[in-house]
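In: Below are the sequence and a predicted model; questions follow.
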Amino acid sequence: MSWQTARGYCWARAMRMLSERSWATLTGVLVAAIALALPGFALLVALTAGPLLDRIPAAEATAYVVQGTATSEVKALGGRLQAIDGVARVRLIPRDQAWAEVQRRAGDGQPFADVKPNPLPDAVVAEFAPRASPAVVSAGVAAIRKQPRVESVQADLEWYTRLVAILQVASSLLIPIVGIIALLVIVVALWLVRLLVVIERDELRLLEQIGAEADFIRRPFVYAGAVALGLAASAGLGVLAVGRLLANQRLAEPGRLFGFELTLNYPPWPLVVAFVAGCVLLGAAAGNYCASRQISSAKPMA
Amino acid sequence: MAAEISTASTRDQPFVQLDRASKKYGAFRLALADATLSIRRSEFLLLIGASGAGKSTLLRLVAAMEAPSSGSIRIGGEDPARMRSNALAFLRRSIGLVMQEPLLLDRRSVLENVMLPAIASNLTRAEAVGRARAALGRTRFEDVNAVPAQLASGARHRVALARAIVNRPALLLVDDPISRLDPDSADNMLQLLEQFAISGVTVVLASQREPERMPARARLVRIDNGVLTR
C-alpha cells in the first residue's frame, strides 16, 4: 500500500529525529515529564479534597428553650426554625435526653448525683445548609433569637466565617493556578518539541524540490511531537506515582489527627488515558506548529 | 514515459515559456533580466554561461523553486506563481532538478536518496525500489548501498540525476554537471541526457563551457550577466 509506504517513511523520519540526539531526547522527556506531573498532582489533590469538603461541618445554632415550655410548643418552635432562610434541618434535644447524656459523659455520674431536678432546658439545633454564606447564617441566628420561647442562642460563627473565607480564597486562586499550570504545560510541550523535532534545512529544501506535499513534509514533525509528548506523559505518570507514594506517607499522620483517612488516590484509568491522549494531541499540534515555522523559514517560493 | 503536466489542447504551445522574466535578489542584484525563452517538448536546450551569469537562477525559476520578480513563466501552460501548494507540489514532481551542488542526504544510502521522490509521490515501497534501481541503472551507478558523503563529485551528480528521473519527469533541469567531469565522463553524461530528450523528456542543461562534442539535438542558448543571447 503506497499510503503505508509514505506513512512508514514519515514514522521512520520521526523516529530518526528523536534518536539522532538520544541524550537531548531523554533529558527533554524527563523535564517535560516533571512539568506534566504538576497538573496531574494538582488533579490528585483536587480529587482527594473534593470528598473532604463535603465532610466540613455545616454551621449550627442551638436555641435553648425557656424552662417549663410544653413539648408541643418546643415542636412548634422547631417547625418555625426549619422555615428560616438557610436552615437545612432541625433536631430537637429534649432536656431529659440532654441530662442523660451529660451524666453518661461524666462516667460514674457522681458529680451530678445530688443535682436535682434536671437543670437543663430543651434545645432545638438548627443546622444550616452546607457552605451557606456567613451573612445568611448570621441573619438566621438573629431570626432564631427573635423566636418566642427562646431563652438564648449559642452559635460560634467565628470559625465558620474564617473557614468560608479560606475556601473562597482557595477557590479564587484555583483558576489562576490552573491557568498558570496549563500555560506551563503548553510552554514545556512547545519547548520539548522544538528541541527535538528538528529537520535539516537541506532535507526541507530537498523535499520542496522533489514536490513533496505539505502533509508529507509535516507528518514526521507531527509524529515526533506526538511520540515525544506521549513518552513525557507516560514518564509523568511515573513521577506522579512516586510523588503520591511519598505524599501519602506524610499525610497519614495528619489524617489520623483529624479522624479520617487522608490519602491521595490515583486518578481513575479513563482520566489517565485521557491525560496521555491529550498530551499526544498537544505534541502533535506542537509538531505541526514547529513544521510550519521551519517550512516558512526555508522560503520555498521566494 | 514522461509524466503529463498539460492537456492535449496545449500540446502545440511551448512547453516552457519565459516572458520577460526577471529575478532580483535584494535591491540591486539583478540575476536575470527580461528573459524571454520558449522551450518545446522533448527539446534539448543547452544553456551556456560563465559562473554567476544567471544559469542557476533561470533553472530555479523554471523548476518553480522561486518566483520571478517581474514577468512570467509558464510550464505546460500553467503559471507556477498562481498555483495552490498541492498543485505546485504536483508540478514539481513532474520536474527533475539536479542542482550544481547536488542536494543529497548524506546519512542515507544512495538507494534511499533516489527512492525519496517516488515515496513522496505515494508509490509503494516495492515500486519505489524498482524505479530507483532502474534510474540508477540508467545513470550507470551500481553501489546502491553507498553513502553519498563517500562519493566523488561526478558520482554524486549521477545519483542526483537518478533521483531527478525516478518519477519519470516531463522536464529535466540539470545544472552544470559536466564542468568538473573529465571529457569522457562529460560525453557520457551528454549522451545520457540526449537519450532522455529522444524519449520525450524536455531537457535543459546549464553549463559553463560548450561541450567538446555538441549533441545533435541540442539547441544552444547563451546567457551573460542575466541576459539571454542566441
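Out: Alright, I've got the coordinates. Everything quoted here is computed from the prediction, not taken from an experiment.

In: can you give me the strands in chain B?
Out: B:16-25, B:29-39, B:44-48, B:70-75, B:95-98, B:171-175, B:202-207, B:218-224, B:227-229 (DSSP state E).

In: Kindly calculate the angle that the helix ranked longest in chain B makes with strand B:44-48.
Out: Counting residues, the longest helix in chain B under DSSP state H turns out to be helix B:183-198. Angle of helix B:183-198 versus strand B:44-48, following axes from the mean of the first three to the mean of the last three C-alpha atoms, to 10 degrees, is 140 degrees.

In: ok, the residue in the stretch 51-200 of chain A positioned nearest to chain B - contacts?
Out: Nearest residue of the stretch 51-200 of chain A to chain B: residue A:200, at 7.9 Å (C-beta to the nearest C-beta). C-beta here means a position set from N, CA and C on the backbone, and glycine is covered the same way. Applying C-beta atoms under 8 Å, 6 or more residues apart in numbering or on different chains, we find residue A:200 in contact with residue B:105.

In: same check, this time on the one 3 residues further on
Out: Taking C-beta under 8 Å, 6+ apart as the criterion, residue A:203 is in contact with residue B:105.

In: For residue B:72, see how far away it is.
Out: For residue A:203, the distance to residue B:72 equals 31 Å [C-beta to C-beta, to the nearest Å].

In: check contacts around the residue nearest the centre of chain B.
Out: Central residue of chain B (C-alpha atoms, centre = their mean): residue B:173, 1.4 Å from the mean position. For residue B:173, the contact set (C-beta under 8 Å, 6+ apart) comprises B:59, B:62-63, B:95-98, B:164, B:204, B:206.

In: circling back: buried stuff in the longest helix of chain B?
Out: If you call a residue buried by 16 or more other C-beta atoms under 10 Å in any protein chain shown, then helix B:183-198 has these buried ones: B:185-190, B:192-194, B:196-197.

In: Identify, from these, the entry nearest to chain A.
Out: Once C-beta to the nearest C-beta is applied, the member of these that ends up nearest chain A is residue B:196, at 17.5 Å.

In: Output the below-cut-off pLDDT ranges for chain B.
Out: Within chain B, the segments meeting pLDDT under 70 span B:1-12.

In: Would you mind listing what in the stretch 151-300 of chain A touches chain B?
Out: Counting by C-beta under 8 Å from any C-beta of the partner chain, the residues of the stretch 151-300 of chain A close to chain B are A:200, A:202-203, A:205-214, A:216, A:300.

In: Would you mind listing what in chain B touches chain A?
Out: Residues of chain B lying near chain A (C-beta under 8 Å from any C-beta): B:63-67, B:80-81, B:85-86, B:88-95, B:97, B:99, B:103, B:105, B:116-117, B:119-125, B:127-128, B:163, B:167.

In: Which of these are buried, as a PyMOL select command?
Out: In PyMOL, this line selects whichever of the residues of chain B next to chain A come out buried by 16+ other C-beta under 10 Å:
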select buried, chain B and resi 63+64+65+66+67+80+88+89+90+91+92+93+94+95+97+99+103+105+116+117+119+120+121+122+123+124+125+127+128+163+167
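
In: mind listing which of the residues of chain B next to chain A are in helices?
Out: Per DSSP H, those map to helices at B:85-86, B:88-93, B:116-117, B:119-120, B:125, B:127-128, B:163.

In: residue contacts, residue A:94?
Out: Contacts for residue A:94 (C-beta under 8 Å, 6+ apart) come out as A:71, A:74, A:122.

In: So for the last one, what's the pLDDT?
Out: Okay, so that is residue A:122. Looking at residue A:122, its pLDDT reads 89.

In: same deal with the second one?
Out: The per-residue pLDDT reported for residue A:74 equals 90.

In: do the first one as well
Out: Turning to residue A:71, the model gives it a pLDDT of 88.

In: Which single residue of chain A ends up nearest chain B?
Out: Residue of chain A nearest chain B, by C-beta to the nearest C-beta: residue A:211 (3.1 Å).

In: Thought residue B:120 was touching that residue, still the case?
Out: Yes: in this structure, residue A:211 is within contact of residue B:120 by C-beta atoms under 8 Å, at 6.7 Å.

In: who touches both of the two?
Out: residue B:93.

In: Please check the residues of the stretch 151-300 of chain A next to chain B and keep the buried ones.
Out: Buried among these (16+ other C-beta under 10 Å): A:203, A:205-214, A:216, A:300.

In: As JSON lines, these with secondary structure and pLDDT would be great.
Out: Converted to JSON lines, those look like this (DSSP: H, G, I helix; E, B strand; the rest coil; pLDDT from 0 to 100):
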{"residue": "A:203", "secondary structure": "helix", "pLDDT": "80"}
{"residue": "A:205", "secondary structure": "helix", "pLDDT": "83"}
{"residue": "A:206", "secondary structure": "helix", "pLDDT": "87"}
{"residue": "A:207", "secondary structure": "helix", "pLDDT": "88"}
{"residue": "A:208", "secondary structure": "helix", "pLDDT": "85"}
{"residue": "A:209", "secondary structure": "helix", "pLDDT": "87"}
{"residue": "A:210", "secondary structure": "coil", "pLDDT": "89"}
{"residue": "A:211", "secondary structure": "coil", "pLDDT": "88"}
{"residue": "A:212", "secondary structure": "coil", "pLDDT": "88"}
{"residue": "A:213", "secondary structure": "coil", "pLDDT": "86"}
{"residue": "A:214", "secondary structure": "helix", "pLDDT": "84"}
{"residue": "A:216", "secondary structure": "helix", "pLDDT": "87"}
{"residue": "A:300", "secondary structure": "coil", "pLDDT": "46"}
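
In: Going by distance to residue A:170, which of these wins?
Out: residue A:214 (47.4 Å; C-beta to C-beta).

In: nearest residue to that closest one other than its sequence neighbours?
Out: residue B:85 (5.7 Å; C-beta to C-beta, 6 or more residues apart in numbering or on different chains).

In: cool, and residue B:142?
Out: Residue B:142 sits nearest to residue B:136 (C-beta to C-beta, 6+ apart), 7.4 Å away.

In: residues near the one you found, how many?
Out: 24 (other C-beta atoms under 10 Å in any protein chain shown).
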